[in-house]
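Peer 1: could you look at this predicted model? Sequence included:
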Amino acid sequence: MDAETAAQVFCWTAFLHCHSLSATGVQWHEPELLGEFVNRFFRNVRLYRIFSQWPSSEEALSGVLENAAFKPCGAYSERSGGFEPPVNGAGDLLARRVSGADLLQLRIQTRVLPPAAVQEALAVRIDAFKQRTQTEPNRSEKRDLKDEVYSELLPQALLRSDRLQAVMLPADGILVVGSASESAADYFMDALKRAMVSFQYAPVAFKTPADELMKRLFMGSSSERFRMGRECRMRDPSDTRASVNWLDFDLGDSSIRRHVTDGLKVDRLGLILDQVCGLVIDQDLVLRKVRLLGQDGMDQVPDEDPLAKHDAEFVITAGAFKSLVDALSAELGGFVS
C-alpha cells in the first residue's frame, strides 16, 4: 500500500466512524486527540485567502518555492528564512501534495546572542574607553561601542532553527498558517511573496463578525454544526486591558452569562465543530488550541511506514480545516468579496 492510498484509507475510516456516531444517536464524548502532527505544527493557526493562481502540481509548486528556498544564516546575519522539504524521507521537493492538499514548511534560522553576554562584553569595552580617553563615553559613543561588540559576537552566536508549516487547499483558495502570531504569519506570507510573482492574498474575513457567532452560542442559541466548548474570555469594551477568563467551565451557567448582559463582551470562545475538531476562536478569527477529534482507523496504516502515517494525519488535518472554514463561512454569511 503506497502512502497516498494508506492516507485515503485512514481518512475514510475516520469519516465513517464519526458519521456512524451521529447516525445512531449515540451520546458522543470527546475522544483522544489525533497524533502529534497537529499538536506540533497547527495548535494555533491563522487563515488566509489566496487569490493568485496556485501551481498545478507538487513539482511545479516546489519549483516556485525554490525562489525562496532556505539558505543558512550568514555570519553577520541575525536571521534567515526560506522553504525546505516539509517531510523527512519524502525526497527533496519543497512541497508535499496528498489528496489535493499541499504541505509547506518554512525554516527560520536565528543567531541567539544572549543580552547578558552583550552587556558583559560592553562593560569591558567601556572600561577600556575610559582608561584610554580618561572620560565617560557619551550616549552616541556607547551606542557605537555596543554596535562594535554586537558585530564581534554575532558570528560566534549559536544558531537556532524554528519551523513553521502551512496547509494549502488549492480548490478552496485557503491557506492555513500554523501560528497565532501575526508577525510569524506575516513572515511566512512574505516568503511566499518572494517565491511567487504577483502573489495576492488577504486574511480570511466573513460578512458577519466572528463575535456575533460567539455571542449567539454563548447566550444559548443553537447552531447547525457548532457547539460551545468550556473556555471563554470576556473584556470590558470601555477598558480592553480588563478581562476575565473561564477555563474548563460549564459556560451555560446563568451566572456566567449574566456578565454579557451586564456589558462584558465575549472576545474568545471555545467551539467544537461536529466530531471534527475543537478550538478556541477570537474576534479576529485567530484559531487557538486546535485539536482534531477521533483517531480510529490509525491501525489501517502500517507502523513500519512512517511516511504513510504522516500523510494519513495530513489528509485528516487538511480535511478538518476545510470543514472548519466551510462551517464558519456558512455561519457567518460567506466571505467578504
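Peer 2: Alright, I've got the coordinates. Residues are numbered from 1 along each chain as shown.
Peer 1: quick check: the gap between Phe70 and Met234.
Peer 2: The gap separating Phe70 from Met234 is 42 Å, by Cβ to Cβ, to the nearest Å. All C-beta atoms are positioned from the backbone trio N, CA, C, and that covers glycine.
Peer 1: ignore what I typed, I meant Val290.
Peer 2: Counting by Cβ to Cβ, the gap from Val290 to Met234 is 22 Å.
Peer 1: can you list contacts of stretch 204-212?
Peer 2: Residues from elsewhere that reach stretch 204-212, judged by Cβ atoms under 8 Å, 6 or more residues apart in numbering: 47-49, 174, 265-267, 281-285, 325, 328-329, 331-336.
Peer 1: try it again with 7 Å
Peer 2: Stretch 204-212 is touched from outside by 47-49, 265-267, 281, 283, 285, 328-329, 332-336, with contacts defined as Cβ atoms under 7 Å, 6 or more residues apart in numbering.
Peer 1: tell me which residues of the host helix or strand of His310 are tucked away?
Peer 2: For His310, the enclosing helix or strand under DSSP states H and E is helix 306-331. Buried residues in helix 306-331, defined by neighbour count with 16 or more other Cβ atoms under 10 Å: 307-322, 324-325, 327-329, 331.
Peer 1: show me what it is packed up against.
Peer 2: Helix 306-331 sits against helix 3-24, helix 35-41, strand 96-98, strand 158-169, strand 265-273, strand 287-292, with contacts defined as 3 or more Cβ pairs under 7 Å, 6 or more residues apart in numbering; DSSP states H and E.
Peer 1: where among those is average confidence lowest?
Peer 2: Here the helices and strands packed on helix 306-331 differ in mean pLDDT, and the lowest is helix 3-24 at a mean of 38.
Peer 1: that older thread, gap between the helix holding His310 and the chain center?
Peer 2: With Cα atoms, centre = their mean, to the nearest Å as the basis, helix 306-331 stands 14 Å off its chain's centre.
Peer 1: residues near Phe41, how many?
Peer 2: Here the number of neighbours of Phe41 (other Cβ atoms under 10 Å) works out to 21.
Peer 1: any idea how far Arg227 is from it?
Peer 2: In terms of Cβ to Cβ, Phe41 sits 26 Å off from Arg227.
Peer 1: do Lys207 as well
Peer 2: 23 Å.
Peer 1: just Phe51 next, same as before
Peer 2: Distance, Phe51 to Arg227, using Cβ to Cβ: 33 Å.
Peer 1: and Pro137, by the same measure?
Peer 2: 64 Å.
Peer 1: now swap in Leu169 and tell me
Peer 2: Using Cβ to Cβ, one obtains 24 Å as the distance from Leu169 to Arg227.
Peer 1: quick one, which of those two is more surrounded?
Peer 2: Higher neighbour count among Leu169 and Arg227: Leu169, with 19 against 13, using other Cβ under 10 Å.
Peer 1: that one against Ala101, yeah?
Peer 2: Yes. Between Leu169 and Ala101 there is a contact under Cβ atoms under 7 Å: 5.7 Å.
Peer 1: identify the contacts common to those two.
Peer 2: Residues touching both Leu169 and Ala101 (Cβ under 7 Å, 6+ apart) are Ala318.
Peer 1: circling back: buried subset of the contacts of stretch 204-212?
Peer 2: Neighbour-count burial (16+ other Cβ under 10 Å) is assigned, among those, to 47-49, 265-267, 281, 283, 285, 328-329, 332, 335.
Peer 1: got a markdown table for those residues, with distance to Ser183 too?
Peer 2: Output for these, formatted as a markdown table (distance: Cβ to Cβ, whole Å):
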| residue | distance to Ser183 |
| --- | --- |
| Leu47 | 16 |
| Tyr48 | 15 |
| Arg49 | 20 |
| Lys265 | 25 |
| Val266 | 26 |
| Asp267 | 20 |
| Ile281 | 20 |
| Gln283 | 19 |
| Leu285 | 17 |
| Leu328 | 24 |
| Ser329 | 27 |
| Leu332 | 26 |
| Phe335 | 25 |
